[in-house]
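Give me a model of this one.
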Amino acid sequence: MRRGATDYIPKPFTPAQVKLAVQKVFEMRTLEQRVAALQEDLGRLNPEADFSTTNAAMQRVINLSRQVASTDATLLMRGESGTGKTVLARAIHHWSHRANKPICIVSCPAFSAELLESELFGHVKGAFTGAVRDNPGRIATCEGGTLLLDEIGDLPANLQPKLLRFLQDREYERVGDYATRKADVRIIAGTNRDLDKAVKEGGFRDDLFFRLNVIQIEIPPLRERPEDVTILAERLLTFFGQARHHLFLGFTQEALQALKQYHWPGNLRELRNVVERAAILCQTDRVGIECLPENLLPNESHARLGDRVPLEKIEEEHIRRVLATTKSLQEAADILGIDQATLWRRRKKYGI
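Residues are numbered from 1 along each chain as shown. The predicted structure follows:
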């Protein structure tokens, strides 16, 4: 069984025991085939996992990603917020020989320095206040698989040498434990920050940057691939229509024109939100311009600092843009310097 046998039958055995063993193998194989079919359906139905593109720069990104997926090289994925770094990292893991092993995603800004160290490397019971049980950490959890460190530019300075050591030697210690451990984990780092500038300013270690930057994948923002907006929007509309049991025939020409002319500061994430909103509001078989947010409407005069407009107009515009470029309400609230309850009231007030 260590060499791969599914089961064994001790002697002496009866035909009924053989039949039962074969039946178990058959059921297991059937289940595996169903899971594979579901994964294929999910990839086909979810446009985020569909990397078809007519943009030359994006085609180079996909080709490079497929080429390096078969290696164990450390990857540095760069791109604006919402461009799909996490989605592409998952795809690279799926294309690799590690596909049957776990992939873990850790957002570096989501934890304090102390909690992030424990989240990555683990801790032993009693290592600090609140450590009531052992925590193996994400590195141990995704043994043999892939670890995506999202927004690596926000990695605290005290953790940078520890990550560097793991990248070099694949060795680490849990918090509160002196035993050195090893792990076979591929590292993919993502960032929307200018790490070259951070290195020059002393906010990021140059030796860690060089270790992470073995192969760099730069994802272009959506505004630089306008030819993809229509096809992505259509696929997203189909996806959300199927989820709501609503058959859409597409967008009206006016709505498509508005989508193509918009600059998409929130990239794919904002496009997804816009199409999901339209799929909810649309009561017909084609999405019209009336189902799109106001900031996408043509000839709209966007309020700017210093314009002769009420202060509320400036606030509404700023909140809309921050929400379009963030992953969660908590992240948006942190950037705006308000709590989630206040942000919820502002969204209700402005109909966002």
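
Now the element after the lowest-mean-pLDDT helix or strand in the chain, going C-ward?
Ranked by mean pLDDT, DSSP states H and E, the weakest helix or strand in the chain is helix 15-45, scoring a mean of 73. Sequence order places helix 56-69 as the next helix or strand after helix 15-45, per DSSP states H and E.

Mind giving me the packing neighbours of that following helix?
Judged by 3 or more Cβ pairs under 8 Å, 6 or more residues apart in numbering; DSSP states H and E, helix 56-69 is in contact with helix 85-95, strand 215-218. Quick note: C-beta positions are derived from backbone N, CA and C, even for glycine.

most centrally placed residue in the protein?
By Cα atoms, centre = their mean, the chain has its centre lying nearest to residue 86, at 2.7 Å.

That one reaches residue 106, doesn't it?
No: the pair residue 86 / residue 106 is not scored as a contact, 11.1 Å apart, by Cβ atoms under 8 Å.

so what sits against both of these two?
Counting by Cβ atoms under 8 Å, 6 or more residues apart in numbering, the shared contacts of residue 86 and residue 106 are 148, 150.

Pull the contacting residues for the residue nearest to the centre of the chain.
Counting by Cβ under 8 Å, 6+ apart, residue 86 touches 105, 148, 150, 190.

How about residue 280?
Going by Cβ under 8 Å, 6+ apart, residue 280 touches 240, 244.

one more time with 10 Å, if that's ok
By Cβ atoms under 10 Å, 6 or more residues apart in numbering, residue 280 lies in contact with 240, 244, 246, 291.

Which of these scores worst on pLDDT?
Least confident by pLDDT among these: that is residue 244, with 85.

ok, that residue touching residue 283?
No: look at residue 244 against residue 283 with Cβ atoms under 10 Å: they stay out of range, at 11.4 Å.

Would you mind listing the two of the contacts of residue 280 that lie farthest apart?
Farthest-apart pair in these is 244 and 291; separation 13.4 Å (Cβ to Cβ).

who has more neighbours, those two?
Set residue 244 next to residue 291 and count neighbours by other Cβ atoms under 10 Å: residue 291 wins out with 20 against 13.

Name the residues contacting each of residue 244 and residue 291.
279-280, 282.

Mind putting the residues you listed into JSON lines with secondary structure and distance to residue 69?
Formatted as JSON lines, those follow (DSSP: H, G, I helix; E, B strand; the rest coil; distance: Cβ to Cβ, whole Å):
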{"residue": "279", "secondary structure": "helix", "distance to residue 69": "32"}
{"residue": "280", "secondary structure": "helix", "distance to residue 69": "36"}
{"residue": "282", "secondary structure": "coil", "distance to residue 69": "38"}
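
Provide a complete list of residue ranges assigned to helices in the chain.
15-45, 56-69, 85-95, 113-121, 137-141, 160-169, 195-200, 206-212, 229-243, 253-261, 267-281, 311-324, 329-336, 340-350 (DSSP state H).

Please consider this matter closed, and thank you.
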